[in-house]
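pasting the sequence and the predicted model now:
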Amino acid sequence: MNPSAANQTAATRLRLRITSAAESIVRAGHPWLFADSIHEANRAGQTGELAVIYDRKDKFLAVGLFDSDSPIRVRVLHAGKPQIIDSFWWNTRLERALVVRRDLFDQQTNGYRLIQGESDGWPGLVLDKYDSTLVLKIYTASWLPRLEETVSLFKDKIPCERIVLRLSRNIQPVAEKQFQLRDGQTLFGPEPDAPMIFLENGIRFEADVLRGQKTGFFLDQRENRAEVEKLARDRKVLNAFSFSGGFSVYAARGGAKSVTDLDISTHALESAKRNFALNKNFPGVADCRHETVQADCFDWLEKSTDKFDLIVLDPPSLAKRAVEREGAIRAYERLNLLGIQRLAGGGILVAGSCSAHVSAAEFFDAARGAARKSGRKISELKAKLHPPDHPAGFKEAEYLKVIYLKFAS
């Protein structure tokens, strides 16, 4: 990082004092400081600069990235003893994230997450790897003034052919207006002219890094896809909210008799067909009957009379905001009950949630509640949370949970 961009002199540095309650939260390691927690500032802050937080005794408490327009006014980079946030500091922080992933994957997997936002010490920033392409997604405008230095660091430390920028919707207007940056822009290297092809446990997948959801693929479900492969042999499989068919290709390679992809998006289903075609070298995929159905998943599950031996329910977030939590819990129970009704005897339900506002305990209780309402005898096979390349270092980062339920014959 350029020291001129990352540090201010003592005379001009943005100094904040916060409420006693916020002090306790920061001391406990939480990376977010909300606007209403700030009760004193020496001047107006500018988005992207470092804000230094002091406690009631005027001692250093923390330092973070300031965002003048976000309810999360400061995203904490460091708390504790004072440190200089310079190029060496950023290099060290990047190396720490890379070391965590260094021994996680072999040559059969070249698509995974390199930086998981706050949980890796890079608040509001995600970096994914798809073979030789890096996709940088940012969720706070505070990274925009620092983008050149950030990309330079990634390019120097991580071998890659290109770096693509993805922007959360809330910061796209300011990125375009003030920084001439757009979602899907190639920041380094040749602009891609087709989806990126990458490997996951030897399976080839395409990732639409320019326009696809998230950074182009749901890398966080890798471990659960591998679990489904182990369970799929000789089973008729339904993959609801299938997106680009990740679970389905794994199920086919695992020996599924047939796989049905169910999604409301034609674009997603076409991607699923292409992913199947990419993996015809596997006998299981070549032999598996693959069907796609475009429909609303709730409606289709309610009206269908088809039965399946393995059903994957992995919907998009059903609670975008905290106020939607209770409604989402009820929706998860209803969805899982609809899925259970489509399960044949001896069938397995794989139910997932990516709603951060619904806790793991709440989601698992909703799935178990649906199982009880079905009146069928069940055995719980396992429950899984985040994979190691997607660490969750604080409560709000805990979004992913999947439960496996088997129903008696």
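On my side now, so go ahead.

so which residues of the stretch 251-400 of the chain form helices?
Counting by DSSP state H, counting those that start in this stretch, one finds helices in the stretch 251-400 of the chain at the ranges 266-278, 283-287, 297-303, 325-341, 360-374.

select, out of those, the one closest to V259.
Ranking the helices of the stretch 251-400 of the chain by distance to V259, with CB to CB as the measure, places helix 266-278 first at 8.5 Å. For the C-beta atoms, the positions are set from N, CA and C on the backbone; glycine is no exception.

now do the contacts for the closest residue to G245 other than its chain neighbours.
On the basis of CB to CB, 6 or more residues apart in numbering, the spatially nearest residue to G245 that is not a chain neighbour turns out to be A272, at 2.9 Å. The neighbours of A272, taking CB atoms under 8 Å, 6 or more residues apart in numbering as the test, are 242-245, 248, 261, 263, 290, 292.

got it, and R321?
The neighbours of R321, taking CB under 8 Å, 6+ apart as the test, are H357.

I138 versus that one, what's the distance?
Noted for R321: a distance of 21 Å to I138, by CB to CB, to the nearest Å.

quick revisit: nearest to T92, out of the helices of the stretch 251-400 of the chain?
Nearest to T92 among the helices of the stretch 251-400 of the chain is helix 360-374 (32.3 Å), distances taken as CB to CB.

buried set for that closest one?
Of the residues in helix 360-374, those with enough neighbours to count as buried (16 or more other CB atoms under 10 Å) are 360, 362-364, 366-371, 374.

and stretch 13-32, by the same measure?
Using 16+ other CB under 10 Å, the residues of stretch 13-32 that count as buried are 14-18, 22-23, 25-26, 30-32.

which pLDDT value goes with T9?
Model confidence at T9, expressed as pLDDT, equals 49.

now do R321
Per-residue confidence for R321 comes out at a pLDDT of 90.

and it, its phi and psi?
Recorded main-chain torsions at R321 are phi -130, psi 160, according to degrees, to the nearest 10.

any idea how far G327 is from it?
R321 sits 10 Å away from G327 when distances are taken as CB to CB.

send the alpha carbons of the longest strand along the chain over as PDB?
Longest among the strand segments of the chain by residue count, using DSSP state E, is strand 343-353. Output in PDB follows, covering the C-alpha atoms of strand 343-353 (Å, rounded to 0.1, in the frame of the first residue of the first chain):
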ATOM      1  CA  LEU A 343     -38.700 -38.100  -0.900                       C
ATOM      2  CA  ALA A 344     -39.100 -41.800  -1.500                       C
ATOM      3  CA  GLY A 345     -38.700 -44.300   1.400                       C
ATOM      4  CA  GLY A 346     -35.000 -44.400   2.400                       C
ATOM      5  CA  GLY A 347     -34.500 -41.000   0.900                       C
ATOM      6  CA  ILE A 348     -32.000 -38.400   2.000                       C
ATOM      7  CA  LEU A 349     -32.700 -34.600   2.400                       C
ATOM      8  CA  VAL A 350     -29.700 -32.300   2.100                       C
ATOM      9  CA  ALA A 351     -31.000 -28.900   3.400                       C
ATOM     10  CA  GLY A 352     -28.900 -25.800   3.300                       C
ATOM     11  CA  SER A 353     -29.100 -22.100   4.300                       C
END
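
so E398 sits right up against H386, yeah?
Yes - under the criterion of CB atoms under 8 Å, E398 makes contact with H386 at 7.4 Å.

list residues touching both of those two?
Common contacts of E398 and H386 (CB under 8 Å, 6+ apart): A392.

could you tell me how many residues sit around the closest residue in space to F363 that isn't next to it in sequence?
In this structure, F363 finds its nearest non-sequential neighbour in S353, 4.5 Å apart by CB to CB, 6+ apart. For S353, the neighbour count with other CB atoms under 10 Å is 30.

hey, where'd the helices end up in the stretch 51-200 of the chain?
In the stretch 51-200 of the chain, the segments counted as helices under DSSP H, counting those that start in this stretch are 87-101, 147-157, 172-179.

can you add mean pLDDT, distance to Q341 and mean neighbour count and give these back as TSV?
Supplementary listing: these in TSV, determined by pLDDT from 0 to 100; distance: least, CB to CB, whole Å; neighbours: other CB atoms under 10 Å:
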stretch	mean pLDDT	distance to Q341	mean neighbour count
helix 87-101	97	41	15
helix 147-157	97	48	16
helix 172-179	96	41	14
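
which among those is found nearest to G111?
The closest of these to G111 is helix 87-101. By CB to CB, the value is 11.8 Å.
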